[in-house]
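Enquirer: Return a 3D structure for these sequence lines:
(one chain, ligands or ions: 1)
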Amino acid sequence: MNAKPKVYISKKIPDSVLEWLQQHCDCRMWEGQTASSRSGLLEALRDVDGLMTTGGRIDAELLDAAPRLKVVSNISVGYNNFDIEAMRARGVIGTHTPHVLDETVADTVLALMLSVARRVPELDRFVKAGRWKKGVGLSDDHFFGLDVHHATAGIIGMGRIGEAIARRAVHGFGMKLLYTNRSRRPDMEERYGAVYAPLEELLRESDFVIMMTPLTPETTRMIRREHFAMMKPSAFFINASRGPTVDEEALIEALRSGAIRGAGLDVFEVEPVQPDNPLLSMDNVVTLPHIGSATEKTRLDMAMLAARNLVAVLTGSGEAYVVKELQA
Ligand code: 8YV
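Expert: Residues are numbered from 1 along each chain as shown. This next block holds a predicted model:
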């Protein structure tokens, strides 16, 4: 009988997934609470056939330290951590976890929209600080927010998650929908009345600008100072894609100057976000620690799909979600 392929798991995964993986592979898992050091990771990869990971950079240095490596299985849908050229040059396959997180991330986006527009965290702090001394009257407009229902949402990046947001926005909140995407989506236009718009038009007309595009060289710093200047002063900027799709300095400036009304952010240029980041002291900004997909069920589903992807590539049996740039 052939020896089982060796795999290294660089972050703790649920027991049930590890047990399943152990039936097919000889597994070693990083047990630390914080991420392993880069040198420790490279050392661990010396004799493995597969790596299961979340987000660490997969570049030439790492690949050269892992001469047997055949597959890197990301426990995420995004794969901007892959150096595609370096992986292609060495024939290393990369897989990811699409589909299973779409609805959960869309829920997070709606949570950010509602939270920032209706000022939920800010007013929660107000109540808990014992500052609620009288009823909120008709003229107490410093407590008022803006409506989400029937507002206009502009989705930048109309993929699977964008569609799940569109469904909630249109069917749940009666919103009007604009979108930009690499290619037109007639299905979205028919199903949700979504209107395909050039970026500038979307920015000018949306009450909520929602970043959902993957991070690629083309989308890096796609939204800059001039783009915030085009947005309505009453508009909210929502980012649940990747921090570097936006010039964060420009976002900070737009929030400070009142060029836009607020922001809901699950992602940042540097993560974990630095404690002195000005975004953290703004009442009109709602922040989350990159938890778009973080529900119990979805994180379990993602880990299981990543495990299945790994085994499918290593054993040559079953389908794997190989990222499109590395497909044969
Ligand atoms: C991940 C994500 O959980 O899937 C993605 O691309 O952003 C999240 O779902 C994140 O990468 C951390 O592992």
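Enquirer: Break down the stretch 1-150 of the chain into its strands, ranges please.
Expert: Under the criterion DSSP state E, counting those that start in this stretch, the stretch 1-150 of the chain carries strands at the ranges 6-9, 26-29, 50-53, 71-74, 93-95.
Enquirer: The third one near the ligand anywhere?
Expert: No: using Cβ under 6 Å from any ligand atom, no contact is recorded between strand 50-53 and the ligand, whose separation bottoms out at 9.0 Å. C-betas here are computed from N, CA, C, even on glycine.
Enquirer: List of residues touching that strand?
Expert: Applying Cβ atoms under 8 Å, 6 or more residues apart in numbering, the contact partners of strand 50-53 are 5-11, 13, 21, 25, 45, 58, 66, 69-75, 81, 306-307, 310, 313-314.
Enquirer: tell me the most buried of the strands of the stretch 1-150 of the chain?
Expert: Mean neighbour count, computed with mean count of other Cβ atoms under 10 Å, is highest for strand 71-74 among the strands of the stretch 1-150 of the chain, reaching a mean of 28.
Enquirer: in its sheet, what does that strand sit against?
Expert: When pairs are called by DSSP bridges, strand 71-74 turns out to pair with strand 50-53 (parallel), strand 93-95 (parallel).
Enquirer: What helices and strands are in contact with the worst-scoring helix or strand of the chain on mean pLDDT?
Expert: Taking mean pLDDT, DSSP states H and E as the measure, helix 38-44 is the helix or strand of the chain with the lowest mean score, a mean of 94. The elements that helix 38-44 packs onto, with contact taken as 3 or more Cβ pairs under 8 Å, 6 or more residues apart in numbering; DSSP states H and E, are helix 60-64.
Enquirer: separation between the residue in the stretch 151-300 of the chain that the ligand sits nearest to and residue 194?
Expert: In the stretch 151-300 of the chain, the residue that lies nearest the ligand is residue 293 (3.3 Å; Cβ to the nearest ligand atom). Computed with Cβ to Cβ, to the nearest Å, the distance linking residue 293 and residue 194 is 23 Å.
Enquirer: Quick check: residues of the chain near the ligand?
Expert: Taking Cβ under 6 Å from any ligand atom as the criterion, the chain approaches the ligand at residues 54, 55, 75, 76, 77, 78, 101, 292, 293.
Enquirer: again, only this time at 8 Å
Expert: 11, 54-55, 74-79, 96-97, 101, 105, 242, 267, 290-294, 299, 302 (Cβ under 8 Å from any ligand atom).
Enquirer: Where is the longest helix in the protein?
Expert: Across the chain, the helix with the greatest residue count (assigned by DSSP state H) is helix 296-315.
Enquirer: who's in contact with it?
Expert: Counting by Cβ under 8 Å, 6+ apart, 5, 7, 13-14, 16-17, 20-21, 24-25, 49-50, 52, 70-71, 73-76, 93, 95-97, 100-101, 104, 293, 317-322 sit against helix 296-315.
Enquirer: can you tell me which residues contact residue 224?
Expert: 246, 247, 250.
Enquirer: rerun that using 7 Å as the cut-off
Expert: If you count contacts by Cβ atoms under 7 Å, 6 or more residues apart in numbering, residue 224 has them with 247, 250.
Enquirer: distance between stretch 260-277 and the chain's centre?
Expert: Put simply, stretch 260-277 sits 13 Å off its chain's centre (Cα atoms, centre = their mean, to the nearest Å).
Enquirer: list the buried ones in it?
Expert: With burial defined by 16 or more other Cβ atoms under 10 Å, the residues of stretch 260-277 counted as buried are 260, 261, 262, 263, 264, 265, 266, 267, 268, 269, 273, 277.
Enquirer: Please apply the same query to stretch 85-101.
Expert: If you call a residue buried by 16+ other Cβ under 10 Å, then stretch 85-101 has these buried ones: 86, 87, 92, 93, 94, 95, 96, 97, 98, 100, 101.
Enquirer: what's the burial count for the residue of the stretch 151-300 of the chain closest to the ligand?
Expert: By other Cβ atoms under 10 Å, 25 other residues sit near residue 293.
Enquirer: next one: residue 33
Expert: Using other Cβ under 10 Å, residue 33 is surrounded by 6 other residues.
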